[in-house]
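S.K.: Starting from these lines, generate the structure:
(chains A and B)
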Amino acid sequence: MPTSRDFSPVDARRTVLTMLHRARASHLGSNMSVIEMLMAMYSSIDCEAIRDQHDDRSRVVISKGHCAAATYAVMAHHGILPFEALDTYHLDGSLLQGHVSHAVPGVEHSTGSLGHGLSVAVGCAMGLRVRGHGSTPVFALCGDGEIQEGSIWEALMLAGHHRLGSLVLLVDNNRISNITDTASVIDLNPLRRPFEGFDMDVREADGHDVDQIASAISDLLTTPSPGVVICNTVKGKDVPFAENSALQNYKPLDDGLLAEALHYLDGLESRAGAR
Amino acid sequence: MRNRIIDTIFERMSVDEDLFFLTADMGINLVERIEKAYPDRFVNVGIAEQNLISVSAGLANLGYRPFAYTISNFATIRCLEQIRDDVALHEYPITILGTSTGYDNAPLGPTHHVIDDWGLISAIPGVDIYCPSSMTYAANLVNHVLSVGRPAYVRIPKGGSDAVGTTDHLVKVAGRSGGTLLATYGSAAQACLDAAEREPEFSVLVFNRLRPLEDEDLIRAISPHDRVVVVEDHFADSGLYGALCRLVVRHRLNVRVESVAPDGYTLEVGTNPEYFARRFGFDADSLIDRWLEA
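M.R.: Residues are numbered from 1 along each chain as shown, chains lettered A, B, ... in the order given. Next comes the predicted model:
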């Protein structure tokens, strides 16, 4: 059962910026590119079941583990985590690490080394099917650089062969990998081509349109094959000094940059409200 | 021994619906009956060992008890990070079954020599390591790992004898009191037992479990001896030799520890395990020639 959404991407971005600033943590760009993807995933499923750890809950595996701040923020906005927990993000002794951790209630699997999470999601989908819950959604979120890891394709081959229609992979196609733009390292464009070559059902979406992503998810969950949503995103979305910057991704936010970012979001919100 | 372990898994799957069997396309004429009897709880992931382990983790998330099966070297080294991050870090009760140890696959060359596997696994905390050295131990092993409920790696030698048939993790065949103690496990154990049968000077300490090791039991077994010779088909420093050296240092035991083990990867052809046993000195004749005290 989908969960209604009573917050906006701007709300989520404010939360993430505050978390990153407090902790002087990095990966600003990587977190900003997945906000709408996370919102689409969590609003497509029963978040109460995740919060209460029902056995047959949907599984969300964040394979791109370094978007932990965004994941925790969206989970809090969806009522899976208490907001107070976010205050400890990335501080000494906290369980809210910079890469998603299963020590946090509601997080299925600790990730951080890229390429693991999709296989775990495949196992979850298989297990749910055997238990009679073959249509319960299982999501994996990975990055466009992450799909360079061979293990991703091991997972996709198996998922395709077993027609795991409940599995949907969302790819954060922000076109910047670790140190440079992804295509200059390995150019797989058009990205849908390798996925279709592995018998995936593929959709593309504006990665910053929650409804468009959610619609693609909903459509893919009706097909017998595993689905892939290529979400075309901007690294550092809606943080002008961080947009499309590989370097800024690793820099912490100081007071000045935080103020600048929040002011920009306020402006976005005002303009959206005025329309 | 491998067949015996698969037999017990097959039997347990009939009464325990949480058991799940995965293979990385290994086990011809062995795993087919599991697939036929329990198609829902069997998956061949293909020649994809990283996927083997991570898919097992996904199943464990659902509450399944996966057994992940392939040849020992592929089951460990190829997917070491998956074992570390997806199994050990999550404390998932996944049992990794590795077939062949040491030079069991001698003619296949160094990529298939399993002489560094459990040493690498032992670098990861929280994964128990078993090396069944008798059929009796092997027959009870599945029930044991299921009752313990921890991540486990089981390295299964080819063949199998029941010369020291026991379900104990550690068993001593006592020779002359104070004489040389041969400490061993797996495929190398038989040569040590043969040597001891010919020369009662030797006592033999056979390990069925390499981690955890119980210090008190080891100290009790070792203390009567002036010299322990660790005989293994695995690199020494990362193997049992290293573990026993650490024990001696930890407890300041007054005992010499020696090693008989492979000293590196070999490119030369060896068409059978006995070739490498002679090459590195862990056949019965070599043990007697070198280690029998005058």
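S.K.: When you work out contacts or count neighbours from here on, use the C-alpha atoms and nothing else.
M.R.: Noted.
S.K.: Tell me where the chain has helices.
M.R.: If you meant another chain, say so; for now it's chain A. Remark: helices assigned in chain A by DSSP state H are A:9-23, A:28-32, A:35-43, A:47-51, A:68-77, A:83-86, A:117-130, A:150-161, A:182-185, A:192-197, A:210-220, A:255-274.
S.K.: Not quite, go with chain B.
M.R.: Under DSSP H, chain B gives helices at B:2-13, B:32-37, B:49-61, B:72-76, B:80-82, B:117-121, B:135-148, B:188-198, B:215-222, B:240-251, B:273-280, B:284-291.
S.K.: Mind pulling the model confidence for residue 97?
M.R.: If you meant another chain, say so; for now it's chain A. We have a pLDDT of 94 for residue A:97.
S.K.: let's do chain B instead
M.R.: So, for residue B:97, pLDDT stands at 98.
S.K.: That one touches residue B:76, doesn't it?
M.R.: No: contact criterion C-alpha atoms under 8 Å: residue B:97 and residue B:76 do not qualify, at 9.6 Å.
S.K.: who's in contact with residue B:41?
M.R.: A:130, B:19-21, B:35 (C-alpha atoms under 8 Å, 6 or more residues apart in numbering or on different chains).
S.K.: and it, how far is that from residue A:154?
M.R.: 20 Å (C-alpha to C-alpha, to the nearest Å).
S.K.: same deal with residue A:164?
M.R.: 14 Å.
S.K.: Could you check which of the two has the larger neighbour count?
M.R.: residue A:164 (25 against 21; other C-alpha atoms under 10 Å in any protein chain shown).
S.K.: Leaving out the residues flanking it, which one is nearest to the more buried one?
M.R.: residue A:226 (5.1 Å; C-alpha to C-alpha, 6 or more residues apart in numbering or on different chains).
S.K.: Check residue A:117 too.
M.R.: Distances taken as C-alpha to C-alpha, 6+ apart put residue A:63 closest to residue A:117, at 4.1 Å, once the chain neighbours are dropped.
S.K.: just for the stretch 1-150 of chain B, where's the confidence low?
M.R.: Counting by pLDDT under 70, the stretch 1-150 of chain B contains no low-confidence range.
S.K.: Return the set of buried residues in stretch B:16-23.
M.R.: Going by neighbour count (16 or more other C-alpha atoms under 10 Å in any protein chain shown), the buried part of stretch B:16-23 is B:18-23.
S.K.: how close does the residue nearest to residue A:248 when sequence neighbours are not counted sit to chain B?
M.R.: Nearest non-adjacent residue to residue A:248, counting by C-alpha to C-alpha, 6+ apart: residue A:242, 5.6 Å away. Between residue A:242 and chain B the computed distance is 31 Å (C-alpha to the nearest C-alpha, to the nearest Å).
S.K.: correct me, but residue A:242 touches residue A:250?
M.R.: No: counting by C-alpha under 8 Å, residue A:242 does not reach residue A:250; the two are 10.0 Å apart.
S.K.: which one of the two has more residues nearby?
M.R.: The neighbour comparison of residue A:242 against residue A:250 (other C-alpha under 10 Å) goes to residue A:242, with 22 against 15.
S.K.: Next, the buried residues of stretch B:244-251.
M.R.: Here stretch B:244-251 shows B:244-245, B:247-248 as buried, counting by 16+ other C-alpha under 10 Å.
S.K.: Show me how far that stretch is from its chain's centre.
M.R.: 21 Å (C-alpha atoms, centre = their mean, to the nearest Å).
S.K.: As PDB, could you dump the C-alpha coordinates of that stretch?
M.R.: What follows is stretch B:244-251 as a C-alpha-only set of coordinates in PDB (Å, rounded to 0.1, in the frame of the first residue of the first chain):
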ATOM      1  CA  LEU B 244      49.400 -22.100  17.200                       C
ATOM      2  CA  CYS B 245      52.400 -19.800  17.300                       C
ATOM      3  CA  ARG B 246      50.100 -17.100  18.600                       C
ATOM      4  CA  LEU B 247      48.700 -19.500  21.200                       C
ATOM      5  CA  VAL B 248      52.200 -20.300  22.400                       C
ATOM      6  CA  VAL B 249      53.100 -16.600  22.600                       C
ATOM      7  CA  ARG B 250      49.800 -15.700  24.300                       C
ATOM      8  CA  HIS B 251      50.200 -18.300  27.000                       C
END
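S.K.: on that earlier part again, and the buried residues of stretch B:16-23, which two are the farthest apart?
M.R.: B:18 and B:23 (16.6 Å; C-alpha to C-alpha).
S.K.: hang on, the earlier thing: export the contacts of residue B:41 as JSON lines, with columns for distance to residue B:112.
M.R.: Formatted as JSON lines, these follow (distance: C-alpha to C-alpha, whole Å):
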{"residue": "A:130", "distance to residue B:112": "35"}
{"residue": "B:19", "distance to residue B:112": "29"}
{"residue": "B:20", "distance to residue B:112": "27"}
{"residue": "B:21", "distance to residue B:112": "23"}
{"residue": "B:35", "distance to residue B:112": "26"}
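S.K.: Out of the residues you listed, the closest to residue A:236 would be?
M.R.: residue A:130 (40.0 Å).
S.K.: which non-adjacent residue is nearest that closest one?
M.R.: residue B:40 (6.1 Å).
S.K.: Up against chain B, what does the stretch 101-250 of chain A have?
M.R.: Proximity of the stretch 101-250 of chain A to chain B (C-alpha under 8 Å from any C-alpha of the partner chain) is limited to residues A:102, A:108-111, A:116-117, A:119-128, A:130, A:151, A:154-155, A:158.
S.K.: Which among those residues count as buried?
M.R.: A:102, A:108-111, A:116-117, A:119-128, A:151, A:154-155, A:158.
S.K.: hang on, residue A:220 packs against residue A:227?
M.R.: Yes: the criterion here is C-alpha under 8 Å, and residue A:220 meets it with residue A:227 at 5.4 Å.
S.K.: Touching both of these two, which residues are there?
M.R.: Common neighbours of residue A:220 and residue A:227 (C-alpha under 8 Å, 6+ apart) are A:165, A:168, A:201, A:203.
S.K.: With distance to residue A:182 added, can I get those residues in TSV?
M.R.: Shown next, in TSV, are the shared contacts of residue A:220 and residue A:227 (distance: C-alpha to C-alpha, whole Å):
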residue	distance to residue A:182
A:165	29
A:168	22
A:201	23
A:203	20
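S.K.: rewinding a little: with distance to residue B:232 as added columns, please give the helices of chain A in TSV.
M.R.: Listed next are the helices of chain A as TSV, based on distance: least, C-alpha to C-alpha, whole Å:
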stretch	distance to residue B:232
helix A:9-23	50
helix A:28-32	48
helix A:35-43	51
helix A:47-51	48
helix A:68-77	45
helix A:83-86	51
helix A:117-130	35
helix A:150-161	33
helix A:182-185	45
helix A:192-197	47
helix A:210-220	54
helix A:255-274	60
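S.K.: I'd like to know which of those lies nearest to residue B:148.
M.R.: helix A:117-130 (22.3 Å).
S.K.: Report the mean per-residue pLDDT for that closest one.
M.R.: Here the average pLDDT along helix A:117-130 is 98.
S.K.: quick one: contacts for residue 129?
M.R.: Chain wasn't specified; assuming chain A. residue A:135.
S.K.: Chain B was what I was after
M.R.: Counting by C-alpha under 8 Å, 6+ apart, residue B:129 has contacts B:118, B:121-122, B:152-155, B:209-212.
S.K.: Using ChimeraX, define a selection of the buried residues within those.
M.R.: A single ChimeraX command selects the buried members of these (16+ other C-alpha under 10 Å):
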select /B:118,121,122,152,153,154,155,209,210,211
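S.K.: where does chain A dip in pLDDT?
M.R.: For chain A (pLDDT under 70), the answer is A:1-4, A:274-275.
S.K.: what's the distance between the residue nearest to residue A:130 and residue A:64?
M.R.: 30 Å.
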